[in-house]
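Chemist: Pasted the sequence and its predicted model underneath.
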Number of protein chains: 2
Amino acid sequence: MADGFDYIRDGQAIYRRSFAIIREEADLSRFSAEEADVAVRMIHAAGLVEAARHFVFSPGFVAAARGALEAGAPILCDAEMVAHGVTRARLPAENAVICTLRDPAVPGLAASLGTTRSAAALELWREHIAGAVVAIGNAPTALFHLLERLDEGWPKPAAILGIPVGFVGAAESKAALAADSRGVPFLIVSGRLGGSAMTAAALNALARPGL
Amino acid sequence: MADGFDYIRDGQAIYRRSFAIIREEADLSRFSAEEADVAVRMIHAAGLVEAARHFVFSPGFVAAARGALEAGAPILCDAEMVAHGVTRARLPAENAVICTLRDPAVPGLAASLGTTRSAAALELWREHIAGAVVAIGNAPTALFHLLERLDEGWPKPAAILGIPVGFVGAAESKAALAADSRGVPFLIVSGRLGGSAMTAAALNALARPGL
C-alpha cells in the first residue's frame, strides 16, 4: 500500500503534539492549572491560540462542572452539533446528553413565545435543569432566554457554558451572563468567537482531565 | 412574562442582520458572487471575518458541488458534528448525509491500517465516493488518507471540502489538496482554522443559495 504522505497517524500522539504546541504558543498565565486544561482543548477545537484571551472562567467553575458531572448531572445542549461533539466514553457517570431542539413541540413553542426555536427548545429543559451542566454553543437567543427563565425562578443549573458564536447578540448575551450569572458558575468566550466545536471541547475537558 | 433583555428574537432577521454585518466588514473582493455566498456562511459559523483570507476556492468548485447535490449526490463527512450541522431541509434532493466514523468495523480497520479512526472510516466510503461531495471538517489524517486512496485509483468525488482544523497536519493536508487536488474541484481553509461548524456552514450554503 502506498503511503504517499509523511504524517503522524497515531491519534493520541496527534493530541499530545497539538496540546504541546498550544501550551508553547498560547498565553495561559491568567488561568489555574485546571482552567488551562479546559482552555487548551478549546483552543485545539478552534485552531486559534488567540482565542484564549476571550475565555472567562468564574471562580469555581471547573470544580462545579466536574462535581456535577461526577454526580451524574445531565448536560443540556442548545444544538445537535454540541451534543454530538461530546465524547460519550469520557463522561464520568454515563451522563445524559440532552438536546431538545428537534422535539416536535418546539416549532409551536417558538411561535407562541415569539422567539427562535433554539430559545423555545429551552422550555423543555425545565424538568432537567436543577443541578445540570448547561452548554449553549450556538444561539445567543438561547442564552438570553435562559437568563430570563432563571430570573423568573427556574431552578439553577450547576454550571453554565455560555459560548454562542456570531455577529448578532452573541457578545451581548455572553456579557449579560458574565455581568450577573444569577449565582451560577460560568465559562464564557467573550465577543463573537465561540460555537459548537469549542463548547463540545470544553465539555470533553470537564468530563475527564488529561488526554 | 418578563422580557428582561432587548434582543432580536426572529431567526430569519438574525441571519439577515448577521450576513449584512459580515458583508460590511469582511473583504470578499477575491470571490465570485457565488463563492461570496459560501464565504459569508462560513464566516458566520466562525464568528471571525478574518477567516475569509484563508478561504481558497478552486475554479468551478461551487458549480460542481451544487450540481452534484442537485443530482442527488451523497455528502460524505469525516465527523458526526459535520453531519449533524447539515440542515436537512436545505438539501435539494434529500441527499444522503453519511458519516462512517461510528461503524463497528472502524476500530479494527484503524488498527490494521495503522492510522486514526477518522482516516480508517474513509475505507467505508469506497462504494459511495464516485460523484459524491466530500466534507472533511475535523481530521487532517482523513484528508491525507483520501488523497492517498485517490492516488491508488479510487473513483473521484464531484467536489472536496478540505477544512480540517488544528495544529498537527491540518495546514499540511490542506496545502497538499490545494497543490494537487487530483482533478477534483475543492474548497480549503488554509492554515490552522477550519472545523465542523465552518464545514457544515459551507455545505448549507452549497445546498441552497440565500437565507
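Modeler: Structure received. Numbers count the residues shown, from 1 in each chain, chains lettered A, B, ... in the order given.
Chemist: is stretch A:199-211 anywhere near chain B?
Modeler: Yes: judged by CB under 8 Å from any CB of the partner chain, stretch A:199-211 comes into contact with chain B through A:Ala200. In this view, the C-beta of every residue, glycine as well, is placed from N, C-alpha and C.
Chemist: so how far is that stretch from its chain's centroid?
Modeler: Centre-to-centre, stretch A:199-211 and its host chain are 9 Å apart (CA atoms, centre = their mean, to the nearest Å).
Chemist: For that stretch, list the C-alpha coordinates in PDB.
Modeler: Provided in PDB are the C-alpha atoms of stretch A:199-211 (Å, rounded to 0.1, in the frame of the first residue of the first chain):
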ATOM      1  CA  THR A 199     -18.300  24.200  23.500                       C
ATOM      2  CA  ALA A 200     -18.000  20.400  23.000                       C
ATOM      3  CA  ALA A 201     -14.300  20.600  23.600                       C
ATOM      4  CA  ALA A 202     -14.800  22.400  26.900                       C
ATOM      5  CA  LEU A 203     -17.300  19.700  27.900                       C
ATOM      6  CA  ASN A 204     -14.900  16.900  27.000                       C
ATOM      7  CA  ALA A 205     -12.200  18.600  29.100                       C
ATOM      8  CA  LEU A 206     -14.500  18.900  32.000                       C
ATOM      9  CA  ALA A 207     -15.700  15.400  31.700                       C
ATOM     10  CA  ARG A 208     -12.300  13.900  32.200                       C
ATOM     11  CA  PRO A 209      -8.900  15.500  32.800                       C
ATOM     12  CA  GLY A 210      -6.000  14.600  30.600                       C
ATOM     13  CA  LEU A 211      -5.900  13.200  27.100                       C
END
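Chemist: low-confidence ranges in chain A?
Modeler: Scanning chain A for pLDDT under 70 picks out A:1-3.
Chemist: Which parts of it are strands?
Modeler: Along chain A, counting by DSSP state E, strands occupy A:55-57, A:75-77, A:97-99, A:133-136, A:159-162, A:186-189.
Chemist: Quick one: neighbours of the closest residue to A:Glu148 other than its chain neighbours, just the number.
Modeler: In this structure, A:Glu148 finds its nearest non-sequential neighbour in B:Gly4, 4.8 Å apart by CB to CB, 6 or more residues apart in numbering or on different chains. Burial of B:Gly4 is recorded as 15 neighbouring residues (other CB atoms under 10 Å in any protein chain shown).
Chemist: hmm, back to that, I'd like the strands of chain A laid out as a markdown table, including mean neighbour count and distance to A:Glu172.
Modeler: Shown next, in a markdown table, are these (neighbours: other CB atoms under 10 Å in any protein chain shown; distance: least, CB to CB, whole Å):
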| stretch | mean neighbour count | distance to A:Glu172 |
| --- | --- | --- |
| strand A:55-57 | 20 | 15 |
| strand A:75-77 | 28 | 21 |
| strand A:97-99 | 19 | 23 |
| strand A:133-136 | 28 | 13 |
| strand A:159-162 | 30 | 11 |
| strand A:186-189 | 26 | 12 |
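Chemist: got those strands as JSON lines, with distance to chain B columns?
Modeler: Compiled in JSON lines, these are given as follows (distance: least, CB to the nearest CB, whole Å):
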{"stretch": "strand A:55-57", "distance to chain B": "14"}
{"stretch": "strand A:75-77", "distance to chain B": "11"}
{"stretch": "strand A:97-99", "distance to chain B": "9"}
{"stretch": "strand A:133-136", "distance to chain B": "14"}
{"stretch": "strand A:159-162", "distance to chain B": "13"}
{"stretch": "strand A:186-189", "distance to chain B": "9"}
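Chemist: Quick check: A:Lys132 vs chain B, distance?
Modeler: Small correction: residue A:132 is Ala, not Lys. 21 Å (CB to the nearest CB, to the nearest Å).
Chemist: what sits against that residue?
Modeler: Neighbour list for A:Ala132: A:Ala68, A:Ala73, A:Pro74, A:Ile75, A:Leu76, A:Trp125, A:Pro157, A:Ala158 [criterion: CB atoms under 8 Å, 6 or more residues apart in numbering or on different chains].
Chemist: A:Ala170 now?
Modeler: A:Pro140, A:Pro164, A:Gly191, A:Arg192, A:Gly194, B:Gly47.
Chemist: change it to 6 Å
Modeler: A:Pro140, A:Pro164, A:Arg192 (CB atoms under 6 Å, 6 or more residues apart in numbering or on different chains).
Chemist: I am finished for the moment; much appreciated.
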